[in-house]
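dropping a prediction and its sequence here:
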Amino acid sequence: MRIRGLAVASKEQLPELPGVPTLAETYPGFSATWFAIVAPPKTPPEIAAKLSHAIAEILKLPDVATKFKELSCTSVGNSPVEMAAFLKEETERWHKVIATADIKPE
């Protein structure tokens, strides 16, 4: 039995799946796969920055980088400001999708 990948949901093609396009190549701007580590909303900025820096350093460790690659994940290590902007964009984008599709909770 053979399986053919149609697309990946990441922003870029995965080296582990050569020739499999991204969904964004068919649907420009599409990206729906991400993970984040977040702190509580009222965390002092200096603490958030310290945590962010520590996590970014951990993501650079060879064994951590290898594990991410094995899982076909790309680590980024954004700053708290960059992550807040990303979360705002994602919230707005998915709000539009939900409204356009008239999705209602059951």
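Looks like it arrived, so ask away.

which ones are touching residue 73?
residue 35 (C-beta atoms under 8 Å, 6 or more residues apart in numbering). From N, CA and C alone the C-beta is placed, and that goes for glycine too.

kindly apply the preceding question to residue 77 instead.
Each residue near residue 77 by C-beta under 8 Å, 6+ apart is listed here: 52, 55-56, 59-60.

save those as CSV, and put in neighbour count, distance to residue 67 and pLDDT too.
Below are those laid out as CSV (neighbours: other C-beta atoms under 10 Å; distance: C-beta to C-beta, whole Å; pLDDT from 0 to 100):
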residue, neighbour count, distance to residue 67, pLDDT
52, 19, 20, 92
55, 13, 15, 92
56, 14, 16, 91
59, 13, 10, 90
60, 10, 13, 91
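
which of the residues you listed sits closest to residue 7?
Residue 7 has its nearest neighbour among the contacts of residue 77 in residue 59, at 25.8 Å by C-beta to C-beta.

so that closest one is in contact with residue 67, correct?
No: counting by C-beta atoms under 8 Å, residue 59 stays clear of residue 67, with 10.3 Å between them.

end-to-end on stretch 53-72?
With C-alpha to C-alpha, to the nearest Å as the measure, stretch 53-72 spans 23 Å from end to end.

check contacts around the residue nearest the centre of the chain.
Of all residues in the chain, the one closest to the mean position by C-alpha atoms, centre = their mean is residue 34, 2.2 Å from it. Going by C-beta under 8 Å, 6+ apart, residue 34 touches 86, 90.

roughly how far apart are it and residue 57?
20 Å (C-beta to C-beta, to the nearest Å).
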